[in-house]
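In: Provided below are the primary sequence and the corresponding predicted coordinates.
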Amino acid sequence: MTGLLNLTGVIETEQEEADDHYVVHARSARPVGKACSLACKLRKNGTKVVGINDVPHHGKATLIRYSLQRFACPDCKDDAGNVVGNNGILERLPFQEPGFLMTQRLVLWMARQAMRRTFAEIGRDVYVDPKSVAKAFDAYTTVEIAKLKRETPRVLGIDEKRLRGEFRAVLGNLEQRTVLDMLKDRGETLELQLARLSEDRRLEVVVTDRFDGYRQMIKRRLPGRLHVTDRFHVTRAANEVLDQVRAAVAKRLPDRREGAALRMSRQLFRTRWSQTTDEQKATINGWCSRWSVLHDAYWTKERYCDLYLCTSPAEGEAYYKDWIATLPPTVSLAFRTKCEIPRRWMPMVLAYFEEPYTTGYVEAVNRVLDDLQRAGRGYSFEVIRAKLMLAERLEKRTFRGKNGVTKIGVPLHEHITPDGEPIFMRIDGGETMFPIDRFGIDLGKLHALLSEGPPNIVYGRKGTQVGSPISTLWPRFMTGPNPG
């Protein structure tokens, strides 16, 4: 009979097929037991049938009913050295994952599938408890995350995300627009990470919001680096003042429908004047002509945002001082309270004109993290971080030697090491191997990866297919060819 499992050294004696699963009865061609010493002489002592879960075959869950050979050893001794014998020695199965009643390939398959699916979904597919899927995922990701090596960025972005009641620090490479890591807090753990980066001279610029903890950490741990404050966190304060004025005006309008219309115009008033249409300009002018305080608030906000049209720190500082000095009396107190830049933050705000970067690309990961929390209710921080860090299909990689590299040929299953190890590719079929820089997870594709279904993996070169499309999915992080 044709073997379904395709496991070396395994003889399949019977196969049962139901609508949604297979049961395969099997035994070893040459059972091997573990002797307690070289002097032991094992003898066969019957069999024991155990159920071992395997990867899905032809889209169906698979259970192996395996006849394990039992061995007896008459010479086994106890701790005191007395000969007591042992009649319960079971054969070793090289394909079984230690600590699981599963094959190694199933544990790897579940861990890989868990990158984009919930533990409960995978458990239903292979008939295992979701806790077992979580255990497999944790064992795999602990090893793989330890292998990850990220290139130190020239421009480091730091932002935070509130997960499970705590603020977590998210680090990104702003030049490559990638996520580097997510830390369990934005305090001690982040400071340790910055201390590790302090000796790496490749890091030149750090971009953050105006959280004072970041300023103090960077001052202590990264002296000499340029610290830039994100521009959107600066201009956001002016929009907040405008919102307060607009809401106050709407509340005083006698016509409730007019008041509701003005309250719902939040996005319109936040839009820069240069980006509005003629119709939107007419609407804004209509409101501002009726209420002078709204006129003053809107154009004060516009002037404040024009700060970032300056081209140098000196010009920016002069522009800001002029803006402060010419605030309209009707809104002066409100804008001074919210928008006046503290002296300790002024160098970081003006540093934007030297390195115009923002943390917007790092903040974009917040949407992905929200989706992960919704999809897997109750996920721990470690699980969410692992799903984020091991999305290796989104690794942004380039060759260090960019000059002269025009064509890349990657032989099938060759020169590729597991995630986290150095990766090398052969150029133009020659003998020279080039290392590849690993920058992190590309934010532009991250959400798509975590939202899509499981991959359809086909093995073979372009235009060729190896094996059957309905054969077992072999995990993508395995380096050898599909054994099926």
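Out: Arrived safely. Numbering: from 1, shown residues only.

In: low-confidence regions, the stretch 51-200 of the chain specifically.
Out: Counting by pLDDT under 70, the stretch 51-200 of the chain contains low-confidence residues at 75, 77-85, 87.

In: how about the strands in it?
Out: 60-73, 86-90, 155-163, 166-173, 178-183 (DSSP state E, counting those that start in this stretch).

In: of all the ones you listed, which one is nearest residue 346?
Out: Checking the strands of the stretch 51-200 of the chain against residue 346 by CB to CB gives strand 155-163 as the closest, at 19.6 Å. All C-beta atoms are positioned from the backbone trio N, CA, C, and that covers glycine.

In: hmm, who's touching the closest one?
Out: Residues outside strand 155-163 that contact it (CB atoms under 8 Å, 6 or more residues apart in numbering) are 167-175, 180, 182, 186, 190, 197, 203-209, 211, 214, 355, 357-359, 361-363, 365-366, 369, 373, 381, 384.

In: out of the strands of the stretch 51-200 of the chain, nearest to residue 218?
Out: Nearest of the strands of the stretch 51-200 of the chain to residue 218, taken as CB to CB: strand 155-163 at 8.6 Å.

In: PyMOL command for the buried members of the contacts of strand 155-163?
Out: Buried residues within the contacts of strand 155-163, by 16 or more other CB atoms under 10 Å, are selected in PyMOL with:
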select buried, resi 167+168+169+170+171+172+173+174+180+182+186+190+197+203+205+206+207+208+209+214+355+357+358+359+361+362+363+365+369+384
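
In: can you tell me which helix or strand residue 228 belongs to?
Out: Element membership of residue 228 [criterion: DSSP states H and E] is strand 226-229.

In: tell me the strands beside that strand, with direction?
Out: When pairing is defined by DSSP bridges, strand 226-229 lines up against strand 205-208 (parallel).

In: for the stretch 301-450 of the chain, just list every one of the strands.
Out: Secondary structure of the stretch 301-450 of the chain (DSSP E, counting those that start in this stretch): strands at 395-399, 408-409, 424-427, 433-442.

In: mean pLDDT lowest where, among these?
Out: Ranked by mean pLDDT, these end with strand 408-409 in last place, scoring a mean of 37.

In: excluding its backbone neighbours, what's nearest residue 360?
Out: Distance criterion CB to CB, 6 or more residues apart in numbering; nearest residue to residue 360, sequence neighbours excluded, is residue 232 at 6.6 Å.

In: where's residue 362 relative to residue 198, distance?
Out: 20 Å (CB to CB, to the nearest Å).

In: show me what the mean pLDDT comes to for the following helix or strand past the strand holding residue 228.
Out: Moving toward the C-terminus from strand 226-229, the next helix or strand (DSSP H and E) is helix 231-252. For helix 231-252, mean pLDDT rounds to 94.

In: now helix 231-252 against strand 155-163, angle please.
Out: Interaxial angle of helix 231-252 relative to strand 155-163 (axes from the mean of the first three to the mean of the last three CA atoms, to 10 degrees): 50 degrees.

In: going toward the C-terminus from helix 231-252, what's the next helix or strand?
Out: Counting by DSSP H and E, the element after helix 231-252 in chain order, helix or strand, is helix 256-263.

In: got the contact list for residue 71?
Out: Residue 71 is in contact with 33, 42-45, 89-91, counting by CB under 8 Å, 6+ apart.

In: what about 10 Å?
Out: Applying CB atoms under 10 Å, 6 or more residues apart in numbering to residue 71 gives the contacts 31-35, 40-46, 86-91.
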